[in-house]
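Engineer: test case, fold it:
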Amino acid sequence: MPATTLARFQRITPQQLRAFEASARLLSVTRAAQELCVSQPTVSVQLRELASTLGEPLFQQCGRSIQLTQAGEALFVTVRELAGCWQRLESRLAEIHGLVRGRLKLAAVTTAEYFVPDLLGSFAAAHPGVDIELAIENRDRVVGRLAQGQDELVVMMMPPDNLPLERLEFQTNPLVVIAPSSHPKAHLPIRLNDLAQERWLMREPGSGTRMATEQHFQQQGFVPSVAMSLGSNEAIKHAVAAGLGIAVLSRLAVCPPLWPVVATSAGEPGPADPLTMLQVEGFPLNRHWYVVWRNDLPLSAAARHFLHYLQSGS
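Structural biologist: Numbers count the residues shown, from 1 in each chain. Just a heads-up that it's a prediction; the model follows:
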């Protein structure tokens, strides 16, 4: 490393890097200060000193918010790479002593929230030295996190094709058609075209469930009448129960239904059952869950152990 570069790098403090990382991630100096438990002027001073040392503006004002400049984006990538290097060093040092320690950063799409915490719970019990960070986001945000290298591992159904990824298939994900329990075709075998006049409720554009559903519909030459797009499985379940339409969801999101207890006609409490799964030809639509990771970035010991845990089923 040239002496001038080294001298400039040595003037950068850990406090400045923490202030920058939080501000770049949150795109807010105020929120960064709150997260770091310091004053906003303190963060502002650290950012100015960092920009002065690098000789480049790191943020630009856009209305009432801030955005990263090109130099800021480059520094953000570098700061994340540095953090990843330290985490891998900690994991390697732990491995030398026969321990599994470190931090596992994992993200999952929203439908995976029905089973990923259970997987992590048993893994955490077997590896108490591993700190786990789990982010639950919609597919578009998860893909964005994957592109930025924010997480080592990601659980999703429809991995993107434009990133250098490895993938491990580890669980099936059946998609089913749900309707109100009062639907006239409940409990009857039907064809997809029998539902041509139905109002369809769909997940938001970019959702893995929606992408898989639209692919199947296109293959079948079926054009649904989409009445509404909703941003969560729970919103769709409640909308279907209210009679607003029918939908395709992961069976994981439907069974068991988490509905309140109501009184039966005999006066005894019984489970409410506002939803039914229609017996549609071609459904359940069998898809799979994958854990994916960047093949151009090294994995920590904790991430490697989690992959082994999934492969071994224990």
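Engineer: rest of the way, CA atoms for contacts and neighbours
Structural biologist: Will do.
Engineer: state the number of residues packed around E214.
Structural biologist: By the criterion of other Cα atoms under 10 Å, E214 has 16 neighbours.
Engineer: can we start the residue count at 4 from this point?
Structural biologist: Got it, the first residue is 4 from now on, which makes the last one we talked about E217.
Engineer: residues touching it, list them.
Structural biologist: Not one residue lies near E217 by Cα atoms under 8 Å, 6 or more residues apart in numbering.
Engineer: pLDDT value on it, please?
Structural biologist: pLDDT for E217: 95.
Engineer: what does the model give G234 for pLDDT?
Structural biologist: The predicted structure lists G234 with a pLDDT of 88.
Engineer: torsion angles phi and psi at it?
Structural biologist: Reported as degrees, to the nearest 10, the phi and psi values for G234 are phi -90, psi 10.
Engineer: low-confidence stretches in the stretch 104-253 of the chain?
Structural biologist: 104 (pLDDT under 70).
Engineer: tell me where it has strands.
Structural biologist: Along the stretch 104-253 of the chain, the segments classed as strands by DSSP state E, counting those that start in this stretch run 105-112, 133-140, 156-159, 168-183, 192-193, 202-206, 228-233, 249-253.
Engineer: just send the ones you listed back as CSV, with mean neighbour count and distance to G124 too.
Structural biologist: Listed next are those as CSV, based on neighbours: other Cα atoms under 10 Å; distance: least, Cα to Cα, whole Å:
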stretch, mean neighbour count, distance to G124
strand 105-112, 23, 13
strand 133-140, 16, 10
strand 156-159, 26, 15
strand 168-183, 18, 17
strand 192-193, 12, 39
strand 202-206, 22, 28
strand 228-233, 14, 30
strand 249-253, 25, 22
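Engineer: let's have those strands in JSON lines, adding distance to P287.
Structural biologist: Conversion of those to JSON lines gives the following (distance: least, Cα to Cα, whole Å):
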{"stretch": "strand 105-112", "distance to P287": "20"}
{"stretch": "strand 133-140", "distance to P287": "25"}
{"stretch": "strand 156-159", "distance to P287": "18"}
{"stretch": "strand 168-183", "distance to P287": "5"}
{"stretch": "strand 192-193", "distance to P287": "13"}
{"stretch": "strand 202-206", "distance to P287": "16"}
{"stretch": "strand 228-233", "distance to P287": "20"}
{"stretch": "strand 249-253", "distance to P287": "9"}
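Engineer: between those strands, which one is nearest to L78?
Structural biologist: With respect to L78, and counting by Cα to Cα, the nearest of the strands of the stretch 104-253 of the chain is strand 105-112 at 20.7 Å.
Engineer: circling back: ok, which of the strands of the stretch 104-253 of the chain comes nearest T45?
Structural biologist: Between T45 and these, the tightest spacing by Cα to Cα is seen for strand 133-140, at 27.6 Å.
Engineer: just the element for T81, please.
Structural biologist: In this structure, T81 is located in helix 73-99 according to DSSP states H and E.
Engineer: and that helix, how far from the chain's centre?
Structural biologist: 21 Å (Cα atoms, centre = their mean, to the nearest Å).
Engineer: let me see the ranges of the helices in the stretch 4-153 of the chain.
Structural biologist: Taking DSSP state H, counting those that start in this stretch to define them, one finds helices in the stretch 4-153 of the chain at 6-13, 17-29, 32-39, 43-57, 73-99, 119-129, 142-151.
Engineer: any chance of these in TSV, plus mean neighbour count?
Structural biologist: Converted to TSV, these look like this (neighbours: other Cα atoms under 10 Å):
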stretch	mean neighbour count
helix 6-13	10
helix 17-29	19
helix 32-39	17
helix 43-57	17
helix 73-99	16
helix 119-129	14
helix 142-151	18
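Engineer: closest one to Q221 among those?
Structural biologist: Taking Cα to Cα as the criterion, Q221 comes closest to helix 142-151 out of the helices of the stretch 4-153 of the chain, the separation being 20.8 Å.
Engineer: might one say that F23 is in contact with L50?
Structural biologist: Yes. F23 is in contact with L50 according to Cα atoms under 8 Å; the separation is 6.2 Å.
Engineer: and Q43, how far from V133?
Structural biologist: From Q43 over to V133 the distance is 33 Å, taken as Cα to Cα, to the nearest Å.
Engineer: residues touching Y312, list them.
Structural biologist: Y312 is in contact with F126, counting by Cα under 8 Å, 6+ apart.
Engineer: so it: helix, strand or coil?
Structural biologist: At Y312, secondary structure determined by DSSP: H, G, I helix; E, B strand; the rest coil is helix.
Engineer: much appreciated, bye for now.
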